[in-house]
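# this one's structure only:
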């Protein structure tokens, strides 16, 4: 009769078998009971003669040997299986290495770490991912957190074509289109090649120029190379984004401004850079979006049914879990809409979508008390634009304002907002554009319409009818058409112009007012600010400004790279990259293997493992090799990082 009712798989010659729900034993392959398990402990599988064990009472981890004896006490926040003589552990949010005798051979150092089956330790120290050999000596490092890019004893990176795979010294071994993980093998699904990871060199020598770093200093410098913000006492920092930078102190995150002042408290478990005025943050209990004042903001999709923002003046009420819903004033708790609707959804700004028992839709404006009785098949509320799109029983679309006034009678086959306050309409498979007042800007007679808000308040509409293409340029702020006479398809934009491709093979640069600035048959490459880049049939790139003046048209460079900053631009030749002014004078004496785009008059350079900053005159404002790492200038400041 079987004396065990459950168990796990064998690992390292041992298996845990359960007699009942609580009592268990560890058994060897010959059936010998090695030891009785303690029911107050949770055991992981044995590896290299040790098992990770969690002590429920202490809330800590330790290790036992194959006799069940505690060989490493229960003092660790987290513990991981041994590979050979070493294992990873975690204390105070960082990873270190412990040996099988319990000696801490590496104190908590890495913010993220993994150990491969061959005994390599791959750890992220907050700036670099460091690869350690079996003697825990550094053999290679890469910027950023690459711990998730490690597969067996290989580094897998997305390359120019498919994926590159490298050994832990950084040496490229090959490339493949796509791959499958087959345990000890990697299968290139494009070529059919099978790669045996066990054949990859695992006895890589240490790099004597590298060391394991546990602390870095962070500073922001200005374009003169002067320290603008010294972040001594901080654990990490991100480059500035939209005037604010993420900083870390004691495992918590917040934001500073460009003077170094903390403007959003350092209290979050994680924080992202700002984008379009918002950033995501993590608290103990939630993930939130905040604005630049540190205030919680809601998503663009409104609230879930029955939920309301705490910042709203009104809130949804209900007669029960499956009961009818209404709306109440948050300050007075007075009911402002009786609970007689199947569903009430808060869209912000005091506007609520209503649904009745027959799945008809309407809305309620709590600010004015206006009720639009549910009578529509569907509605779409645009809180920012102050409009509601409605679908009638006849499946025709119209538009109301928030007071229920009809702006557009239901007469279109479809309406959708393309940018704030502007709507694409469809009638009999033809398309047009109307505004939030119902004014027709483009008659619905076109096969296709494409819209693009190229700069703030300026929208470009591209229309197609048969083989003809036209452009209309509209100012949202003044509600005026800037131009509607241009022909062709839009292929690029600048701060005050549009680039058009015409049926006659010409590329035309035109101002937003419709004036023609430049025409050429050369290939359009890029546009930024008041400059454009074109390429001749022979492959020479040159620059044009909005006055139609050309620059660098006879250059001998391999390529040039926008943007133009203070009449300077990056070029490349066979040896690398440098800076040239628009008169054709090369200003950098040195040519660099890797560079960034110019920002605030500064170019980041990386050559022979060294980082630095160079200004437009070619002068070093941070000498290459004087810092361990740096980021491109943003908001007029550059972040430099140096090992302590």
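Cool, the structure landed. This one's a predicted model, so the numbers in the text were calculated from it and none came from an experiment. Numbers count the residues shown, from 1 in each chain.
# domains for the chain, by residue range?
Domain ranges of the chain: 1-103, 111-209, 217-297, 447-546, 555-643, per automatic domain parsing.
# Comparing the ones you listed by mean pLDDT, which bottoms out?
Lowest mean pLDDT of the domains of the chain: domain 111-209, a mean of 82.
# quick revisit: would you list the domains of the chain in CSV and tack on distance to residue 392 and mean neighbour count?
In short, each C-beta sits where N, CA and C put it, glycine included. Output for these, formatted as CSV (distance: least, C-beta to C-beta, whole Å; neighbours: other C-beta atoms under 10 Å):
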stretch, distance to residue 392, mean neighbour count
domain 1-103, 58, 16
domain 111-209, 49, 16
domain 217-297, 34, 16
domain 447-546, 23, 17
domain 555-643, 50, 18
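# how about those in CSV, adding distance to residue 409?
Converted to CSV, the domains of the chain look like this (distance: least, C-beta to C-beta, whole Å):
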stretch, distance to residue 409
domain 1-103, 62
domain 111-209, 53
domain 217-297, 35
domain 447-546, 22
domain 555-643, 48
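# To residue 332, which of the ones you listed lies closest?
domain 217-297 (23.5 Å; C-beta to C-beta).
# And the contacts of whichever strand or helix holds residue 560?
In this structure, residue 560 sits in strand 559-565 according to DSSP states H and E. Residues outside strand 559-565 that contact it (C-beta atoms under 8 Å, 6 or more residues apart in numbering): 525-529, 531, 533, 541-543, 552, 569-572, 580, 582, 597-599, 601, 616.
# what about 6 Å?
Strand 559-565 has contacts (C-beta atoms under 6 Å, 6 or more residues apart in numbering) with 526, 528, 531, 533, 541, 569-572, 598, 601.
# so which pair among those is furthest apart in space?
The span of the contacts of strand 559-565, defined through C-beta to C-beta, is set by 541 and 601 at 21.9 Å.
# Tell me who's in contact with residue 633.
Shown in contact with residue 633 (C-beta under 6 Å, 6+ apart): 599-600, 602.
# sorry, that was for residue 189
Contacts for residue 189 (C-beta under 6 Å, 6+ apart) come out as 178, 180.
# what does stretch 409-418 rub up against?
Under C-beta under 6 Å, 6+ apart, the answer for stretch 409-418 is 382, 389, 392, 396-398, 423-427, 451.
# So which of the residues you listed is the closest to residue 367?
For the contacts of stretch 409-418, the closest approach to residue 367 (C-beta to C-beta) belongs to residue 382, at 15.7 Å.
# separation between the closest one and residue 348?
11 Å (C-beta to C-beta, to the nearest Å).
# Then residue 631?
From residue 631 to residue 348 the distance is 36 Å (C-beta to C-beta).
# And residue 557, how far from residue 579?
To residue 579, residue 557 is 11 Å away according to C-beta to C-beta.
# Name the residues that touch stretch 99-117?
Stretch 99-117 is contacted by residues 50, 72, 83, 85-86, 88, 91, 94-98, 121-126, 145, 147, 150, 153, 214 when judged by C-beta under 6 Å, 6+ apart.
# ends of it, how far apart?
16 Å (C-alpha to C-alpha, to the nearest Å).
# Could you do stretch 431-442 as well?
8 Å.
# now do stretch 553-561
14 Å.
# Then stretch 172-185?
17 Å.
# Tell me how far it lies from the chain's centre.
Offset of stretch 172-185 from its chain centre (C-alpha atoms, centre = their mean, to the nearest Å): 26 Å.
# I'd like the distance between residue 7 and residue 81.
Separation of residue 7 from residue 81 (C-beta to C-beta): 19 Å.
# Can you tell me, leaving aside adjacent residues, what's nearest to residue 614?
Spatial nearest neighbour of residue 614, excluding adjacent residues (C-beta to C-beta, 6 or more residues apart in numbering): residue 603 at 5.0 Å.
# What is the three-state secondary structure of the one you found?
Of the three states, residue 603 takes strand under DSSP: H, G, I helix; E, B strand; the rest coil.
# Wait, it touches residue 597, no?
No - judged on C-beta atoms under 6 Å, residue 603 makes no contact with residue 597 at a distance of 7.6 Å.
# beta partners of the residue nearest to residue 211 when sequence neighbours are not counted?
Closest residue to residue 211 apart from its sequence neighbours, by C-beta to C-beta, 6+ apart: residue 138 at 6.6 Å. Note on residue 138: beta-bridge partners by DSSP bridges are residue 132.
# do the one 4 residues further on as well
For residue 142, the beta-bridge assignment (DSSP bridges) gives partners residue 129.
# do residue 278 as well
In this entry, residue 278 is beta-bridged to residue 275, by DSSP bridges.
# That one touches residue 289, doesn't it?
Yes - if you go by C-beta under 6 Å, residue 278 and residue 289 touch, sitting 5.1 Å apart.
# quick one: residue 79 from residue 251, how far?
Noted for residue 79: a distance of 20 Å to residue 251, by C-beta to C-beta.
# ditto for residue 624
For residue 624, the distance to residue 251 (C-beta to C-beta) stands at 33 Å.
# and if you look at residue 109?
Separation of residue 109 from residue 251 (C-beta to C-beta) stands at 15 Å.
# What of residue 49?
34 Å.
# cool, residue 269 as well?
To residue 251, residue 269 is 8 Å away according to C-beta to C-beta.
# Report pLDDT for residue 302.
37.
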